[in-house]
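*Asks:* Any chance you could fold what I've pasted below:
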Amino acid sequence: MDKYKKLASNTLIFAIGTFSSKALSFLLMPFVTALMTTGDYGIADLIQQTVNVLIPIVTLQVNSAALRFSLDKAADKRDVFTVGVRTTLAGFAVFALVSPLLAMIRINDFNVGEYILIIIVFVLISGFRQLCQQFVRGSGYVKLFAIDGIIATATTLLFTILFLGAFHWGVMGYVFAIIASDFCSVVFFTVTAKLYKYIKPHLFTKGIGAQMLKYCVPLIPTVILWWIINVSDRYMITYFINSSENGLYTAASKIPNFVILFSQIFIDAWQLSAVDEYDAKDRSQFFTNVFRIYSGGVFAVASGLILTCQLITKILVSDAFYTSWKYVPILIIATTYSCIVNFLASVYMAEKKSLMSLLTAMSGAVTNIVLNLVFIPRFGANGAAIATVCAFLVVFVTRGINTRRYIKIKFKLPLMLIETVVLVTQSVFMLRHESGKSLYIIETVLFLVMLALNIKPVKELFELVAAKFLKKNKTAE
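*Replies:* Next comes the predicted model:
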């Protein structure tokens, strides 16, 4: 299969599963925000984010190694999955022993000790789900990966309605729904992909364990650094202001996730193609062509979201959360560059240069922490959003320069600068004027400018997808 059509095919398959699960988080927001106060919603988010940063530490980020090494055709997949399971279990045992230390942490009105038991269970179940997901994806079971996304959507919806709506469990119900859904996914993968057959009963794994750990251990601080860039601002907002303000900021961060939705669907498929085609002679041109289509789509989606952010916020959240829209435009810009940076991470993945991924992420994390301390006390929650934008810009510059050692991608920086100026202009107008006919006229014009700048890559993307469908139809005839 042609490499572009294979990429399009995998993207469509991943879209089926990823879109449904990601879209659900938006569709549930009116229900969740109606049943939870801004303070409870902020605390529930902090529990989830705490687990997100604990999982890579506890599991040594072995799920990333499971993905990368299962993509190697010469690797014994039984060795790969066995190492993943053993590493996850060993890490969890250590975590359970030291968890009383974590329970001593308190940030303003967020007391970790009150939720330590559910955090322990959350880490175990979600850690195994991530391992199963990445191994299945790397082993070529892309359709199972997509089906799991649909099942996860259904189970999350069911458990959220049951625990939060029927039982009124509040914060605990919100978190229990995620845990229960993740457990269903582990069972699904175990049965359908017969993962139990990939576990070796003896300890010998032909040395691949050392190779996997050499790859994934440097990713632990990398993931933590990404967490610092993406999430630490929520803890700082809670510290400098309160959990209610963090609840508004968290609600606002859900809308930029539309950009991540578009991005993640593609990146899941792109990582497979990046490894498969990395040794090809025309790889620089391949990466450049794909980057042009990808970045054009990301900027276009971001511009459309800024234009409609007030309307989307009105639809998705209850009245108590509506003012959260003021944080959305700047967060969209930050998310846009996070998507661009994630594309460059595929170079490090193909090269197995996890250490360089760590060093470049560190530049953004340091930037984020310093600017959060300066901006949040001065500008409130939007200061955190501005700090996040600056952090991702720093990572993009460092990765853009460093990855040229391995592959030369033509970024078309003048075009990216113009696209960024359009997003910044949209954000400034939206925040300064807030409403009025003239505001939406200007916002619409700027959105059309963004579409005009990216009409070629969007057209190429459409033709690529259309070509796959046409080929299918001809085959059927």
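
*Asks:* Does residue 348 touch residue 358 like I think?
*Replies:* No - Residue 348 lies out of contact with residue 358 (CB atoms under 8 Å); the separation is 9.2 Å. Every residue, glycine included, has its C-beta placed from N, CA and C.

*Asks:* what is in contact with these two at once?
*Replies:* The overlap between the contact sets of residue 348 and residue 358 (CB atoms under 8 Å, 6 or more residues apart in numbering) is empty.

*Asks:* If you count neighbours, what's buried in the longest helix seen in the chain?
*Replies:* When the chain is parsed with DSSP state H, its longest helix is helix 283-316. Across helix 283-316, burial judged by 16 or more other CB atoms under 10 Å covers 283, 286-310, 312-313, 316.

*Asks:* quick check: mean pLDDT across that helix?
*Replies:* Across helix 283-316, pLDDT averages out at 88.

*Asks:* how about the strands in this structure?
*Replies:* Here the chain has its strands, by DSSP state E, at 106-107, 110-111.

*Asks:* name the helices or strands packed onto the first one?
*Replies:* Where contact means 3 or more CB pairs under 8 Å, 6 or more residues apart in numbering; DSSP states H and E, strand 106-107 is packed against helix 232-240.

*Asks:* pLDDT on the helix it packs on, on average?
*Replies:* For helix 232-240, the mean per-residue pLDDT is 85.

*Asks:* what does stretch 405-412 give?
*Replies:* The predicted model assigns stretch 405-412 a mean pLDDT of 87.

*Asks:* What lies in contact with that stretch?
*Replies:* Stretch 405-412 has contacts (CB under 8 Å, 6+ apart) with 283, 284, 287, 288, 291, 292, 344, 347, 351, 353, 400, 403.

*Asks:* is it possible to export those to TSV including distance to residue 117?
*Replies:* Listed next are these as TSV, based on distance: CB to CB, whole Å:
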residue	distance to residue 117
283	49
284	51
287	46
288	50
291	45
292	49
344	39
347	41
351	41
353	39
400	44
403	43
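
*Asks:* Need the max-distance pair from the residues you listed.
*Replies:* For the contacts of stretch 405-412, the farthest-apart pair by CB to CB is 292 and 353; their separation is 23.5 Å.

*Asks:* Tell me how many other residues surround the residue nearest to residue 211 when sequence neighbours are not counted.
*Replies:* In space, and not counting its chain neighbours, residue 211 is closest to residue 69: 7.2 Å by CB to CB, 6 or more residues apart in numbering. Residues contacting residue 69 under the criterion other CB atoms under 10 Å number 26.

*Asks:* list the contacts for the closest residue to residue 134 other than its chain neighbours?
*Replies:* The shortest distance from residue 134 to any residue other than its chain neighbours is 3.8 Å, reached at residue 67 (CB to CB, 6+ apart). Residue 67 makes contacts with 134, 135, 137, 138, 271, as judged by CB under 8 Å, 6+ apart.

*Asks:* at 10 Å instead, please
*Replies:* Neighbour list for residue 67: 80, 84, 130-131, 133-139, 216, 271-272, 275, 349 [criterion: CB atoms under 10 Å, 6 or more residues apart in numbering].

*Asks:* correct me, but residue 428 touches residue 386?
*Replies:* No - with contacts defined as CB atoms under 10 Å, residue 428 does not count as touching residue 386, sitting 12.0 Å away.

*Asks:* So for those two, which sits in the more crowded spot?
*Replies:* A side-by-side neighbour count of residue 428 and residue 386, using other CB under 10 Å, places residue 386 first with 20 against 12.

*Asks:* from memory the more buried one sits against residue 379, does it?
*Replies:* Yes - Residue 386 lies in contact with residue 379 (CB under 10 Å); the separation is 6.9 Å.

*Asks:* Any regions of the stretch 351-477 of the chain where pLDDT drops low?
*Replies:* The stretch 351-477 of the chain contains residues with pLDDT under 70 at 436, 458, 460-477.

*Asks:* Quick one: the helices in it, in order.
*Replies:* 354-379, 381-402, 413-433, 437-453, 455-476 (DSSP state H, counting those that start in this stretch).

*Asks:* which one of those is the most hemmed in?
*Replies:* Greatest average neighbour count among the helices of the stretch 351-477 of the chain goes to helix 381-402 (a mean of 22), per mean count of other CB atoms under 10 Å.

*Asks:* helices or strands up against it?
*Replies:* helix 219-230, helix 232-240, helix 243-254, helix 328-351, helix 354-379, helix 413-433 (3 or more CB pairs under 10 Å, 6 or more residues apart in numbering; DSSP states H and E).

*Asks:* thought residue 31 was touching residue 173?
*Replies:* No - assessed by CB under 10 Å, residue 31 is found out of contact with residue 173, at 11.7 Å.

*Asks:* Highest mean neighbour count out of the strands of the chain?
*Replies:* Scoring the strands of the chain by mean count of other CB under 10 Å, the most buried comes out as strand 110-111, with a mean of 18.

*Asks:* Return the list of strands paired to that one, each annotated with direction.
*Replies:* Using DSSP bridges, strand 110-111 pairs in its sheet with strand 106-107 (antiparallel).

*Asks:* What's the end-to-end length of stretch 311-322?
*Replies:* 10 Å (CA to CA, to the nearest Å).

*Asks:* change the start of the numbering to 2 and stick with it
*Replies:* Yes, from this point I'll number from 2; that puts the last item at stretch 312-323.
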